[in-house]
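# Please find the sequence and the predicted model below.
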Amino acid sequence: MTIRVLVADDQDLVREGIGMLLQREEGIEVVGDARNGHEAVAKARELQPDIVLMDVRMPELDGVSATSVITADDFSADPDRPIKVLVLTTYNVGAAVRDALRKGASGFLLKDRASTDLMAAVKVVARGEAWLDPAVTLDLIAELRAVPESTFAARDRLGQLTPREAEVLTHIARGMSNSEIAQRLVLGEATVKTHVGRILMKLDLRDRAQAVAVAYQSGLVRVTGLD
């Protein structure tokens, strides 16, 4: 199945460059582009792409705000096929990452890694998983650890998870795919997928990226070497 992508960035050269990279990959189609947040929202509504590659800083409406609109439950024409957002940035700022994840982004990629990681990131997000650039993830973890837990409501629902679901969530937070979790826990991949679905439902989260944020902010997963 072809992955349909909309590219939103206020720099012409960036949009064109990313578009050229994507068009070279079999199974990916660039269906349009946008120069600002308002245009990204309008074109996403019209074209209904699978993924929007969204720049963080754009005029008129920033990428985080545009992400919030596009990932809303009632935005996609097909409720069973929500539009996913992969945010692009030239800098790794924890606050922006945290806000984008809360607003529904399925991942973050630094632009200077686009030439090597863009295809993989698009395909991972299209599968319904999260792509968090390693450099961005470290900032995200540090930022979330510094924020009071009370600011993130989902932490109150962690008690609803079964021990197995909590275990799966810790592995999600460490960046493992469903197949990797299945191997680690000696489970079928379909069973892991079921656990992931229940975790997202119980915590009222859109995707794995938000699950990562909850896991670190709540203290369920702790990372050494950041203090």
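Yes, it's here.

# where does the chain have low pLDDT?
For the chain, applying pLDDT under 70 flags the ranges 91-98, 134-156, 222-227.

# Let me see the ranges of the strands in it.
3-8, 28-34, 51-55, 84-89, 107-110, 131-132 (DSSP state E).

# Let's have those in CSV, adding mean neighbour count and distance to residue 168.
Where you see a C-beta, it was placed from the backbone N, CA and C, and this is true even at glycine. Listed next are the strands of the chain as CSV, based on neighbours: other CB atoms under 10 Å; distance: least, CB to CB, whole Å:
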stretch, mean neighbour count, distance to residue 168
strand 3-8, 24, 26
strand 28-34, 19, 30
strand 51-55, 27, 25
strand 84-89, 26, 21
strand 107-110, 24, 19
strand 131-132, 24, 17
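
# Give the buried residues for the longest helix belonging to the chain.
Scanning the chain for the longest helix, with DSSP state H as the assignment, gives helix 189-203. Under the neighbour-count criterion of 16 or more other CB atoms under 10 Å, helix 189-203 has 192, 193, 195, 196, 198, 199, 200, 202, 203 buried.

# contacts for that helix?
154, 157-158, 160-161, 164-165, 168-169, 172, 178-179, 181-182, 185, 205-208, 210-211, 214 (CB atoms under 8 Å, 6 or more residues apart in numbering).

# Please apply the same query to stretch 111-118.
14, 17, 18, 21, 22, 88, 89, 90, 109, 131, 133.

# Now with 6 Å, please.
For stretch 111-118, the external contacting residues (CB atoms under 6 Å, 6 or more residues apart in numbering) are 21, 88, 90.

# separation between the residue nearest to residue 14 when sequence neighbours are not counted and residue 86?
Using CB to CB, 6 or more residues apart in numbering and skipping residues adjacent in sequence, the residue nearest residue 14 is residue 111, 6.9 Å away. Per CB to CB, to the nearest Å, residue 111 is found 12 Å from residue 86.

# just to revisit the earlier point, closest to residue 44 among the contacts of stretch 111-118?
Checking those against residue 44 with CB to CB, the nearest one is residue 88 at 15.1 Å.

# end-to-end on stretch 201-214?
13 Å (CA to CA, to the nearest Å).

# Stretch 28-45 too?
End-to-end for stretch 28-45, by CA to CA: 19 Å.

# Contacts for it next, please.
Contact with stretch 28-45 is made by 2-8, 10, 15, 19, 22-23, 47, 49, 52, 58-62, 66, 69-70, 83, as judged by CB under 6 Å, 6+ apart.

# measure the residue most central in space within the chain to residue 166 for me?
Note on the chain: the residue nearest the mean C-alpha position is residue 106, at 1.4 Å, using CA atoms, centre = their mean. To residue 166, residue 106 is 22 Å away according to CB to CB.
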